[in-house]
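Q: Coordinates for the following, if possible.
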Amino acid sequence: MTSTVFVTGAASGIGAAVALAAAKAGARVAALDVDGERVAEVARKAERAGATQVLGLKADVSDEVAVARTVARCREELGVPTAVLANAGIELNAPAHEIPLVQWQRLLDVNLTGAFLTARHTIRAMLDAGVGGSVVCTSSPSAFIGFAGGENAAYAASKGGVSALVRSLALDYAGAGIRVNAIVPGATDTPLLTLGVADDERAAARARLVAAAAEQIPVGRLGTPDEVAGAVLWLWSDAAAYVTGSHLVVDGGLMAKSANTF
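A: From the prediction side, this is the model:
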């Protein structure tokens, strides 16, 4: 893999797994996250894993100046990013009538506007350089189905927006050789799974989720970040050259089951 990879939300979970998988394939890797210390550690791991060049970048994806600056630095030091994952995201679980507007807005700023800004500036870099590429955004099953547990209005709205954004961008830039797709991870064993749970309760919460996955997900378990990373690398690859405006679901059959539940 000789391309320059640009991954947001790269400090942990799916983003870190994608950055490291790309590194093992020999890519040049720019890993970006709001957590500077943790993304720097991922960058060091990527270098040890085989990346030809690495950048660990601290930035908030909801800040357009910061996103533009990091894309420019990536272009200057690693080359034009032609394999992009707009993955940075946060979650908020609460009934709509209880969500403070500032929290609703922050979630949309990170999950939806952050994906837009990442796509906007990386696509602009590709267009300026006259090259094609592949942009992948992280969506969610909640963009398509309601979660049984409820209290998911803000997150679902943000991911529904991401999915609509992907379809529109795919049409706008297909003629320039830039493909835009979404990855749709199901219940994946990442820190986001127990976000908001107290540290001393996290192990028990995860155990409950593992048990629920065994009962409710058709393949009988949670997904792993590496499994999602493999799907992202495929969407970046020439093997997916005829794939754009699409959603690649990696959820163990969860959405297929939900579609047939009365």
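
Q: So in this structure, which strand runs the longest?
A: strand 178-185 (DSSP state E).

Q: which is the next helix or strand following that strand?
A: Toward the C-terminus, strand 178-185 is succeeded by helix 202-216 as the next helix or strand (DSSP states H and E).

Q: Can you show me the CA trace of that next one as PDB?
A: Only the C-alpha atoms of helix 202-216 are listed here, as PDB (Å, rounded to 0.1, in the frame of the first residue of the first chain):
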ATOM      1  CA  ARG A 202     -16.800  -0.600  33.200                       C
ATOM      2  CA  ALA A 203     -15.800  -4.300  33.400                       C
ATOM      3  CA  ALA A 204     -19.200  -5.400  34.500                       C
ATOM      4  CA  ALA A 205     -20.900  -3.200  31.800                       C
ATOM      5  CA  ARG A 206     -18.700  -4.800  29.100                       C
ATOM      6  CA  ALA A 207     -19.500  -8.300  30.400                       C
ATOM      7  CA  ARG A 208     -23.200  -7.500  30.100                       C
ATOM      8  CA  LEU A 209     -22.700  -6.300  26.500                       C
ATOM      9  CA  VAL A 210     -20.800  -9.400  25.600                       C
ATOM     10  CA  ALA A 211     -23.600 -11.600  27.000                       C
ATOM     11  CA  ALA A 212     -26.200  -9.500  25.100                       C
ATOM     12  CA  ALA A 213     -24.200  -9.800  21.900                       C
ATOM     13  CA  ALA A 214     -24.100 -13.600  22.300                       C
ATOM     14  CA  GLU A 215     -27.900 -13.700  22.500                       C
ATOM     15  CA  GLN A 216     -28.900 -10.900  20.100                       C
END
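
Q: What's the mean pLDDT across the following helix or strand past that helix?
A: As assigned by DSSP H and E, the chain's next helix or strand after helix 202-216 is helix 225-236. In this model, helix 225-236 has a mean pLDDT of 98.

Q: And the contacts of helix 225-236?
A: Outside helix 225-236, the residues within contact range by Cβ atoms under 8 Å, 6 or more residues apart in numbering are 1, 3, 5, 13-14, 16-18, 20-22, 25, 83, 85, 134, 136, 179, 181, 183, 185, 188-190, 240, 243, 248, 250. For glycine as for every other residue, the C-beta is placed from the backbone atoms N, C-alpha and C.

Q: hmm, 7 Å instead?
A: 13-14, 17-18, 21-22, 25, 83, 85, 134, 136, 181, 183, 185, 188, 190, 240, 243, 248, 250 (Cβ atoms under 7 Å, 6 or more residues apart in numbering).

Q: of these, buried ones?
A: Neighbour-count burial (16 or more other Cβ atoms under 10 Å) applied to the contacts of helix 225-236 gives 13-14, 17-18, 21-22, 25, 83, 85, 134, 136, 181, 183, 185, 188, 190, 240, 248, 250.

Q: Which ones among the residues you listed map onto strands?
A: 83, 85, 134, 136, 181, 183, 185, 248, 250.

Q: For residue 122, give me its contacts.
A: 6, 71, 81, 84, 135.

Q: Can you tell me the SS state at the residue nearest to residue 16 when sequence neighbours are not counted?
A: Nearest residue to residue 16, sequence neighbours excluded (Cβ to Cβ, 6 or more residues apart in numbering): residue 42, at 4.9 Å. Look at residue 42: counting by DSSP: H, G, I helix; E, B strand; the rest coil, its state is helix.

Q: So residue 42 sits against residue 13, correct?
A: No. Look at residue 42 against residue 13 with Cβ atoms under 7 Å: they stay out of range, at 10.5 Å.

Q: which residues of the stretch 151-262 of the chain score low on pLDDT?
A: Across the stretch 151-262 of the chain, the ranges flagged by pLDDT under 70 are 194-196, 258-262.

Q: if I look at residue 42 and residue 13, which residues touch both of them?
A: Counting by Cβ under 7 Å, 6+ apart, nothing touches both residue 42 and residue 13.

Q: And for residue 252, the neighbour number?
A: 22 (other Cβ atoms under 10 Å).
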